[in-house]
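Trainee: sharing a model that was predicted from the sequence below.
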Amino acid sequence: MSILPAINNALGADWRERTSAESRLLPQGKLSGPMPWVIAIMIGLTVVATASGLALRNTARAARADVAGGVTVQIVHGAPRERDRQANAALAALKSAPGVAEARLVPQKELDALVEPWLGTTAGDDVNALPVPALIDVRLSGSADANRLGALRQALRGKAPAARIDAQASWLAPVFEAVHALQWLAGGLIALLAFATIATVLLASRNALGNHRGTIEIVHMLGGTDAQIARIFQRSMAVDAAAGGIGGLLLGVVVTSLLGRQFAALGSGMMAAGGLAWSDWLAICCIPVGGVLLAVLTARLTVLSALRRML
Amino acid sequence: MSQPDDAEIVHFDNVGLRYGTGKEVLTDVSFTLYSGRFYFLTGASGAGKTSMLKLLYLAQRPSRGLIRMFGTDAITLPRERLPGFRRRLGVVFQDFRLVPHLSAFDNVALPLRVAGVPERDIVKPVTDMLEWVGLGDRSHARPATLSGGEQQRVAIARAVIGRPDMLVADEPTGNVDPEMAVKLLRLFEALNRLGTTVVVATHDVHLIQKVPESLIMRLDKGRLSDPTGALRYPPRRMASPPRPDVLGA
């Protein structure tokens, strides 16, 4: 037998023995009562909040990547012939402009399809009477910042005076701001839930300390150390938090999956991009571990702080 | 058998104790306890015996004065060093203070488990000790199912199981019949012969008279008197058992 397994065995036996002996000092399973249920709810809500925050982040990232280098050029002119002339001139100028990766005149069919939900195409609709602008979809090799938009305007000024140039990102700026605010909201919820978990564990630990004060005093008088007593509470809290954490994770994952399906059923391209990656699921699975560590640390600090007030 | 030596184990110097803002329950208490001796602490109810024992087993800090235990200043002793000192003490509380959810066996084993003694080294001494105090067949019983006398014996077994340097007992035979009282006293004497300093607080003059080797301290309204010369150095041995009126018990 090599030395390492022997040492491991010895340490394991010692630890098991010490743990078993210490666990007999206070009645186990009665320290915290409904604690596993409370922690399950906290963890479940944290999982849902985290998943929502991550999904929003993914949505925002995908949308931002889509429109980052996008520029729309509208040729707004009432006379169709002049509008088409300026559109072709603008397209040619854009194709030769520096930093433009791609420029495409949006075909009339696509334009008709775009306005169809509002104007319709059935008989009786007077579509042709409406001055719908010509559209040029432009992709820049970098992001569409103010300098580059200025350069494009300069290039089109003489050739297409009716051209209006807009960065696609600017249209979605309010959406990004809303998504950003929701992400902060999710972060705030997670922080509040963590705070509530700490407060709950703190109250449970104090309650358990009060219930077992007599026994704790005896153990103290017999030479028990603060660390020994704190370990008993930590262990009990770890068991409760682990049970609650697993339950909460399952609850949160089920709720998140159901919400995901609901949003996916909307069929919106933006929502479809908000799915969770495997790394997101991995982060979500770490939440119960964080919950257990938080509960154990809170219990330890609470118990040690209370014991320090005893002689 | 070990002989008493002159090694100081506890020293009180002008110790006073008051609870909160009340009047002093102990006033100007000064004495020295020596290793391996057997002391009785006597006095009327309310004289301050239990308060003095609390100072002895480090459950209370004095309001003033100096206390030295095992050669160390116990007043300024850092909190983290207290458990080490307490493990050198065995305490029999007046109200037993057994852990209600633990069996008699587990209560007696408690000091050993707290001290980290391996489980394999706990079973035999605890079983033997319970046999010795006549509770071999009650080892699985919880305190609530034991009589007062049985609980007291469990408390005594718990106090002596770790072979402490000093045993402090508050009315340890108050709830047992005379025969068991004598038996428990013999246990204390046996422990004392092995080198443990024993301090027993009691009203029972007959009990004191059964240990002629003992030294007697008397508390009267929180002040210590020395009716038998126990606190002199070297302590004066009793030529004959002290009279009850001398003890004031």
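Mentor: The structure has been received and is ready for your questions.

Trainee: what pLDDT does the closest residue to B:E171 other than its chain neighbours get?
Mentor: Residue nearest to B:E171 in three dimensions, not counting chain neighbours: B:Q94, with 5.1 Å by CB to CB, 6 or more residues apart in numbering or on different chains. C-beta here means a position set from N, CA and C on the backbone, and glycine is covered the same way. We have a pLDDT of 84 for B:Q94.

Trainee: so B:Q94 sits in a strand?
Mentor: No. Counting by DSSP: H, G, I helix; E, B strand; the rest coil, B:Q94 is not found in a strand; it is coil.

Trainee: in the host helix or strand of A:G260, which residues are buried?
Mentor: According to DSSP states H and E, A:G260 maps onto helix A:226-264. For helix A:226-264, a neighbour-count test (16 or more other CB atoms under 10 Å in any protein chain shown) marks A:226, A:228-249, A:251-253, A:256, A:260, A:263 as buried.

Trainee: could you pick out the longest helix of chain A?
Mentor: Longest helix in chain A by number of residues (criterion: DSSP state H): helix A:168-211.

Trainee: tell me the mean pLDDT for that one?
Mentor: For helix A:168-211, the mean per-residue pLDDT is 85.

Trainee: likewise stretch B:123-141?
Mentor: pLDDT averaged over stretch B:123-141 gives 93.

Trainee: try stretch A:47-59
Mentor: According to the model, stretch A:47-59 has a mean pLDDT of 90.

Trainee: next: stretch A:109-122.
Mentor: 76.

Trainee: who are the contact partners of the residue nearest to B:E171?
Mentor: B:50, B:170-171, B:174 (CB atoms under 8 Å, 6 or more residues apart in numbering or on different chains).

Trainee: and which of these is nearest chain A?
Mentor: B:D170 (12.2 Å; CB to the nearest CB).

Trainee: before we move on, back to that, save the contacts of B:Q94 as JSON lines, and put in pLDDT, secondary structure and neighbour count too.
Mentor: Formatted as JSON lines, these follow (pLDDT from 0 to 100; DSSP: H, G, I helix; E, B strand; the rest coil; neighbours: other CB atoms under 10 Å in any protein chain shown):
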{"residue": "B:T50", "pLDDT": "90", "secondary structure": "helix", "neighbour count": "19"}
{"residue": "B:D170", "pLDDT": "91", "secondary structure": "strand", "neighbour count": "24"}
{"residue": "B:E171", "pLDDT": "86", "secondary structure": "coil", "neighbour count": "20"}
{"residue": "B:G174", "pLDDT": "78", "secondary structure": "coil", "neighbour count": "15"}
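
Trainee: widest-spaced pair of the residues you listed?
Mentor: Greatest spacing in the contacts of B:Q94, by CB to CB: B:T50 and B:G174 (12.2 Å).

Trainee: chain A contacts on chain B?
Mentor: Within chain B, the positions adjacent to chain A are B:57-61, B:79-80, B:82-87, B:89, B:91, B:97-102, B:106, B:110-111, B:113-116, B:118-119, B:158 by CB under 8 Å from any CB of the partner chain.

Trainee: show the buried residues in the residues you listed.
Mentor: Buried among these by 16+ other CB under 10 Å: B:57-60, B:82-83, B:85-87, B:89, B:91, B:97-99, B:101-102, B:106, B:110-111, B:113-114, B:158.
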